Each structure stands twice: as structure tokens, then as C-alpha cells.
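The amino acid sequence is not available; the structure is as follows:
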């Protein structure tokens, strides 16, 4: 297999990167834009949770604007491919917290063309909620990304989108391109449980703040709530206009629950994200911290604590939620880069990230599908 250099591009607080690949026995074809080994077999297998329904319109817009650029060159429109879309969605999950696009995956292994066969290319972007700006500005203004979009080899496309509140870029976009013979082994898990997205429904829509302000302000949509009081492992409760805020945290992390007026209790976490380059890739560590639990809109913080043990060489994070000395929930997670999540089909759905210079702190949110309980947690090493 032939691989070329990797190009990455930083622009105006957003980030974009691209890659393409071709099989070993391919005949000479027009040059693809920069090539990387970006398609791999994750620990969770090939089943992928579909994106939430509220993102479907944005994904359709990505395809619409992509085909608009192709039409300008007299090229046929790309057709939506569900397997490539599942592949793109998995990639969007993986790139949260990292956009260096070297040949190493979040599990630390180097992999060449696993999970996909045939011609394929990839565009990544992060930081912008707008599908139009992502395609017509970020990717169009980058020669290598634009080359993927208008490559006449490609006839198929899949698009992935992941939004992670408190992450470095917030919105993470992925395009996977292929031709009529490209085969991806990824597919969407269309079971009812996979499509519920209960964790998303109970999470506050936190706007990513500037890194320097990441623990000073709680951004909920366009609202800016000051939280520059260091909770330091103790819960603070205050009213800001219509928002009742419960918050805890450490030097680099904030987590808690917020309720606006008569609305639902929403959980959140955010902070100063660990840069991928500084995240340890091996070794173990212990974390201890606090948690908040919501049960039928009743909020509990008293006597709730969490403990985690990290096994970074194995990309695992094993945790427990306690009420006093009683264990009430297991929090077992897969680590990907500087973020972590629960394995597919877990009874407890979890999403979180590492914070601080070298992953010294962590935070996250969870939803227990068995009981309907949900909450947030934070811990420090």
C-alpha cells in the first residue's frame, strides 16, 4: 500500500485534516490528496451508534454542499453510503481531542487499511457548528481537502458528526469517500437502545470556551455564567438569572447539574482539556473525586464519590460510583486519545475526557438505562 505525507491545517480556531488511500494492487490513477492510515478496527467492533436525529439535517447539508462543489466542476453527485457513514461516525468518535493525523490510532497501534477495502479518502474538521462553513470555507479553502471533494474517482460518501461538550473543538466532522467498489465493514446499530441517545437528552449543551477561560465560565448556548470560584472538591449551589447551578471541580475541571426555570435537570462537564501530545500512552493511575446523581429530577450530591483506575497501555478506565461506602454503579470505559466512553451495549452510557497538563484530572456524564438515573462526575489523580 502506498502512503504519502500527512497534511494538517489550523485555521481561525478551527482545525481540518485530510487523507486518502488506495489498495496495493491499484493501477495508476490520478493522484489522491495526502494519504494516511486512518481507518482501523476499534475495540468495540464494527457496530456503530447512529448520530442523534437532531444532527441528521446537518449531515444532509454536508453532502449537499459537497455535491455543490462537485457540480461546479461538472462532476456527478456523490451518493450516500450507509456503511461509509457508519465508518465516518466511528472516526468522528475517535478524533475527539486529537487532530494530528499521524499513522497511530488512539489505541497506540499502527494499522493499515483495516475495516475498509478499496479506494477511500477522509476529510476531518472541528470547531464549527455550521455545515455550510465547514464545507464551503474550511474544506474548500484547503487544497488537499478540496482535492478529495472533487476527486473524480469517488462516487460514494458517508458523513459523521460528534459533538462533545467541553472538548477542545466541540463539533467534530468526518467525510469518508469511496468508489462503487469500496467496501466498509462498519454498519449502524439500529437497535432501539442504540438509537435512544438518552445521555445526550439529559446533557446540557455546553459551548466550548476559550482554553484560557475554560474553568472560569459555564457557557450554556449563548449564556455566559461565571464559575470562577474554585469548588475544590466541594459542591457550590447558586442562582444565576433563571439558572439554578450546582457545580464542583478541581484546578482544570468543572462538573455538575443545571436547571433553567421549570426545565429538566441537565448534567455537564468541561475544563482545560489535555492535549493529545501530552497524554501518557502507558502506565496506570488512581483518581478520586465526587459525583452528582439525578433520580426523577431529585438531585443528590451528599456522600457521592467516584474512584477510577486507569490502565493507559490497555486503553481502559475502570471506575465505581459510591454512596458512602456502598457501591451503586460500575463505570467501565474505553480510552480513546484524551477522551473516554462506555463500550457498545453498556447498561450505563458514559462520556468523558481528561483534563490538565498530563491527564491529571477527568470528568464526565452518565446515564443508567436500567434505572433512568443520570449524573456527572469529576476526579483528580
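In hand now; what should we look at? Here the structure is a predicted model, which means the values were calculated and not measured.

Helices of the chain, start to end?
Assigned by DSSP state H, the chain shows helices spanning 56-72, 82-94, 131-133, 143-149, 192-196, 198-201.

counting contacts, what elements does the first one pack onto?
In terms of contacts (3 or more C-beta pairs under 8 Å, 6 or more residues apart in numbering; DSSP states H and E), helix 56-72 is packed against helix 131-133, helix 143-149, strand 156-163, strand 171-178. Yep, even glycine has a C-beta here, placed from its N, CA and C like the rest.

what about 7 Å?
Contact analysis of helix 56-72 by 3 or more C-beta pairs under 7 Å, 6 or more residues apart in numbering; DSSP states H and E lists helix 131-133, helix 143-149, strand 156-163 as its packing neighbours.

remind me which residues of the stretch 251-381 of the chain are low pLDDT?
For the stretch 251-381 of the chain, applying pLDDT under 70 flags no range at all.

show me where it has strands.
Secondary structure of the stretch 251-381 of the chain (DSSP state E, counting those that start in this stretch): strands at 253-260, 266-271, 284-295, 298-300, 304-311, 316-323, 326-336, 339-341, 348-355, 361-368, 374-380.

quick one: contacts of the second one?
If I follow you right, that is strand 266-271. Under the criterion C-beta atoms under 7 Å, 6 or more residues apart in numbering, residues 165-166, 202-204, 206, 214-215, 252-258, 294, 352, 355, 363-365, 374-376, 378 lie in contact with strand 266-271.

what do you get if the cut-off is 6 Å, keeping everything else the same?
Strand 266-271 is contacted by residues 166, 203-204, 206, 214-215, 252-255, 257-258, 355, 363-365, 375-376 when judged by C-beta atoms under 6 Å, 6 or more residues apart in numbering.

give the contact list for residue 347.
369, 370.

looking only at pLDDT, what's the mean for stretch 140-151?
Average pLDDT, stretch 140-151: 95.

end to end, how far does that stretch reach?
One end of stretch 140-151 to the other measures 13 Å (C-alpha to C-alpha, to the nearest Å).

Let me know how buried the closest residue to residue 284 other than its chain neighbours is, in neighbour terms.
Leaving aside its chain neighbours, residue 284 sits nearest to residue 311 (5.3 Å; criterion: C-beta to C-beta, 6 or more residues apart in numbering). Using other C-beta atoms under 10 Å, residue 311 is surrounded by 14 other residues.

now swap in residue 360 and tell me
17.

Is it possible to get CSV of the strands of the stretch 251-381 of the chain that adds distance to residue 132?
Formatted as CSV, those follow (distance: least, C-beta to C-beta, whole Å):
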stretch, distance to residue 132
strand 253-260, 29
strand 266-271, 26
strand 284-295, 36
strand 298-300, 39
strand 304-311, 40
strand 316-323, 37
strand 326-336, 29
strand 339-341, 27
strand 348-355, 27
strand 361-368, 30
strand 374-380, 33
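
nearest to residue 117, of the ones you listed?
Comparing these against residue 117 with C-beta to C-beta, the closest turns out to be strand 326-336 (23.7 Å).

Parallel or antiparallel, list what pairs with that closest one.
Paired strands of strand 326-336, with direction, are strand 316-323 (antiparallel), strand 339-341 (antiparallel) (DSSP bridges).

To residue 145, which of these lies closest?
Evaluated with C-beta to C-beta, these place strand 339-341 nearest to residue 145, the distance being 23.8 Å.

Show the contacting residues for residue 324.
residue 303.

my bad, residue 283
Residue 283 makes contacts with residue 312, as judged by C-beta under 6 Å, 6+ apart.

How many residues are close by the closest residue in space to residue 136 that isn't next to it in sequence?
For residue 136, ignoring the flanking residues on the chain, the nearest one in space by C-beta to C-beta, 6+ apart is residue 65 at 5.7 Å. Neighbour count for residue 65, taken as other C-beta under 10 Å: 19.

these two touch, right, residue 65 and residue 133?
No: using C-beta atoms under 6 Å, residue 65 makes no contact with residue 133, being 9.4 Å away.

Just give me the neighbour total for the nearest residue to residue 233 once chain neighbours are set aside.
Excluding the flanking residues, the one nearest residue 233 by C-beta to C-beta, 6+ apart is residue 290, at 6.1 Å. Per other C-beta under 10 Å, the neighbour tally for residue 290 reads 22.
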